[in-house]
Each structure stands twice: as structure tokens, then as C-alpha cells.
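>>> Here you go, sequence then predicted model.
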Amino acid sequence: MSKIEWCDKTWNPMVGCTPAGPGCDNCYAAKMWHRQKHLPGYGSSFAEVCFFPERLDKPMKTKQPTRWFVNSMSDFFHEDITDDQRDQVMDVIRQCPQHIFQILTKRAPNMVRYFSGPPVPENVWLGVTVENRGARGRINHLRKVECSTRFVSFEPLLEDPGDVNLDGIHWIIVGGESGNSREKVRRMEPAWV
């Protein structure tokens, strides 16, 4: 099971990422990478995106319908992930119609480009992160992709997002930055929600 409230399990065929905005400043995945970097196949830094083809079959081993968060330790639309690698993940997704696969990105233009060719499988939910007003444009990119469910993660919400057009958006996640009292966690104001 996952500690992330909005999914059942995570699936990480790719690990590693680079910052894509102020929401990345205290990245939980980078912190986790530092605890796991001794594992085989991990790069020399979190900024080195690594592909693990041996992890591709993980959802196939679960028969019970499950909500999978794809690449909780990376961004599926990161520039260092190839379309061939994405295609391999999509092949597995198509073979597992009993599951829901949630793909969240801060690189919305790359998502639009990738899905300008192959259709989005019915069991894929696509989402974008909007941490502040400057990131609201990601929602417009998300609306350009035809999919069964579009969602926006206002997490970590770093400021009042202002007026947000949610036309065509099916699901919203809102939350603050994770961390403990020893870390410099930026606080979310209830009024922003």
C-alpha cells in the first residue's frame, strides 16, 4: 500500500528527476532517492533519470483492481525519458485494464506532444501539478489531451492560486508541502484552499 492518500500503490519504472518549478524545492522523491541510492541501477544523483525495464511487469502481478501512481519517483514526461520507454509503460497499461494508472506531470507540453500520436488508454488518468499562479498554464495544456479523467494536484500549494478555470477537469488534489518540523517546510494557508 502507498502512504499517498489518492492512490493504492506506486509503480516506478523510472527514477530520477530535475526541478521544474518552485514546487520541486523540497522534493520528497529526491529525499527518498538519497535513502535508496545504494540500490542497483540508481544513478550517481537524483538528476540522473534511470529506466528499470525489470519493473515493467509489476502491475501485471496484481489482479485486484488498483490505482497506480506512475513514476512517483520521477516525472513520466521528463526530457530524459524516451518515447520508446514511455511506449513500454503504455503497453503494460493496455494489458492491465482492471487498473487505473495516474500520471502526474509538471512538464505538460511534453505530455501533449507525446499523446498527439497514440491515444490515451481508457484506464489512464492524466494530471498536472499547480503549485502557484505561475503554474496555472499547465491546466490549459492538460485540457488539450483527450482522456477519461483529467486531474490537477495543487500540491504543494505555495500561494493563493487565484482564479482557476477548472472546465474539463474531473478531480482535484489539494495539499501542503510534506516534511517534518526539522525541515523548512513551506506552510499552506487554509484560505488558499
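Good, I have the coordinates.
>>> in the helix or strand of the chain with the lowest mean pLDDT, what counts as buried?
Lowest mean confidence among the helices and strands of the chain (mean pLDDT, DSSP states H and E): helix 28-36, at a mean of 85. Using 16 or more other C-beta atoms under 10 Å as the test for burial, helix 28-36 gives Ala29, Ala30, Trp33. All C-beta spots, glycine's among them, are computed from the backbone N, C-alpha and C.
>>> likewise stretch 67-80?
Applying 16+ other C-beta under 10 Å to stretch 67-80 flags 67-78, 80 as buried.
>>> same thing with stretch 39-59?
Here stretch 39-59 shows Tyr42, Phe46, Val49, Cys50, Phe51, Phe52, Arg55, Leu56, Lys58, Pro59 as buried, counting by 16+ other C-beta under 10 Å.
>>> Quick check: mean pLDDT of it?
For stretch 39-59, the mean pLDDT works out to 92.
>>> out of the buried residues of stretch 39-59, which are inside strands?
Cys50, Phe51 (DSSP state E).
>>> which residues touch Thr129?
Gly21, Gly23, Leu104, Thr105, Lys106, Ala135, Arg138, Val152, Ser153, Phe154, Glu155 (C-beta atoms under 8 Å, 6 or more residues apart in numbering).
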